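Novice: Coordinates only, no sequence provided:
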Ligand SMILES: *Cc1c(COP(=O)(O)O)cnc(C)c1O
């Protein structure tokens, strides 16, 4: 490894931060933590809040709950606004909650709920937060940017958190955190304890092209390569490819006669949650896909265990990959049912 206090690392780090700003669509500094995405969520919470502050946690799944739990662990007064798993957060309900609790300082929300394949309307949620409060809006964008549109500055977001192993196409171990001017103002008076994740210390060191502690240097090289690939493709093309692939995946599984968990308007373009048909064991399907087709899909978390499978399609993914996954699901289902695949003849009317 190179010396992380030497000139090569400084140049690498500087270049990466500049590129990240473009993908976060922000003028704010984007800090890079050596941590998984959850470390970035924790950093966001402890750097803008004090114990006892009232927080609105908008959640529609496992990761929204995790963000809420993190704030609660550090002593925030968390009001949970929960939506049924598989549905999206309703901006009007957020507005009602903000009116009910005028002292809410911070709103936590997940952009793309990976556990259920739902993408929340962050633009609309940001609008109601701004119209009804002074609260900061902290957005878990770990499984969305840069694959799904999320212009930080244009939508007035205060902290946006990303994770290296998702759409950046590199191994786990880095979390990127962008912080608005308003969030830095909150940071100056925020009293939650922090040390490794003290973002002010990260900012001060970043201005010297360094990190407070030893970073995962190898992952910075990986990130530089991931960013170069994304730049070559172009951000709007990356977003368009994910939209295309998301639609293709949903269409493919629907043609097998299967249903998508969320409604089409909120279905994610980075992960598709598919309902397991009655009579099929979800666990067996996941195992068969892995062992017989070398296709790795996710099962259902928590209350969705055995009820859905989740097909990840973010980052380094093409139309061909989707076609192969849909084909593997068709073959596995027909084997499990001991019958011919539910093709067009068994699909919805007209197919
Ligand atoms: C993956 C993910 C996380 C957790 O990230 P880790 O890297 O596992 O800590 C949090 N939120 C969302 C939306 C995710 O997809």
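Specialist: Cool, the structure landed. Only a predicted model underlies this, so the values are computations on that prediction, with no experimental measurement involved.

Novice: helices and strands around the host helix or strand of residue 95, which ones?
Specialist: Residue 95 is part of helix 91-100, with elements assigned from DSSP states H and E. On a contact count with 3 or more C-beta pairs under 8 Å, 6 or more residues apart in numbering; DSSP states H and E, helix 91-100 meets strand 54-59, strand 77-82, strand 104-110, helix 122-132. From N, CA and C alone the C-beta is placed, and that goes for glycine too.

Novice: Could you single out the most deeply buried of these?
Specialist: strand 104-110 (a mean of 26; mean count of other C-beta atoms under 10 Å).

Novice: what sits up against the helix or strand just after it?
Specialist: Proceeding N to C from strand 104-110, the next assigned helix or strand is strand 112-113, under DSSP H and E. Identification of contacts with strand 112-113 by C-beta atoms under 8 Å, 6 or more residues apart in numbering yields 60-64, 118-120, 141-144, 148, 268, 270-271.

Novice: ok, back up a step: what residues of the helix holding residue 95 count as buried?
Specialist: 91, 94, 95, 97, 98 (16 or more other C-beta atoms under 10 Å).

Novice: can you list these in CSV and add pLDDT?
Specialist: Formatted as CSV, the buried residues of helix 91-100 follow (pLDDT from 0 to 100):
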residue, pLDDT
91, 98
94, 98
95, 98
97, 98
98, 98
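
Novice: For the ligand, state which of the residues you listed is nearest.
Specialist: residue 94 (18.0 Å; C-beta to the nearest ligand atom).

Novice: which residue does the stretch 201-350 of the chain bring closest to the ligand?
Specialist: residue 271 (8.0 Å).

Novice: That residue contacts residue 315, doesn't it?
Specialist: No - with contact defined as C-beta atoms under 8 Å, residue 271 does not count as touching residue 315 (11.2 Å).

Novice: So if I had to pick from those two, which one is more boxed in?
Specialist: Set residue 271 next to residue 315 and count neighbours by other C-beta atoms under 10 Å: residue 271 wins out with 26 against 20.

Novice: which residues does the more buried one contact?
Specialist: Neighbours of residue 271 in contact, by C-beta under 8 Å, 6+ apart: 112, 114, 117, 143, 298, 310, 311, 312, 313, 314.
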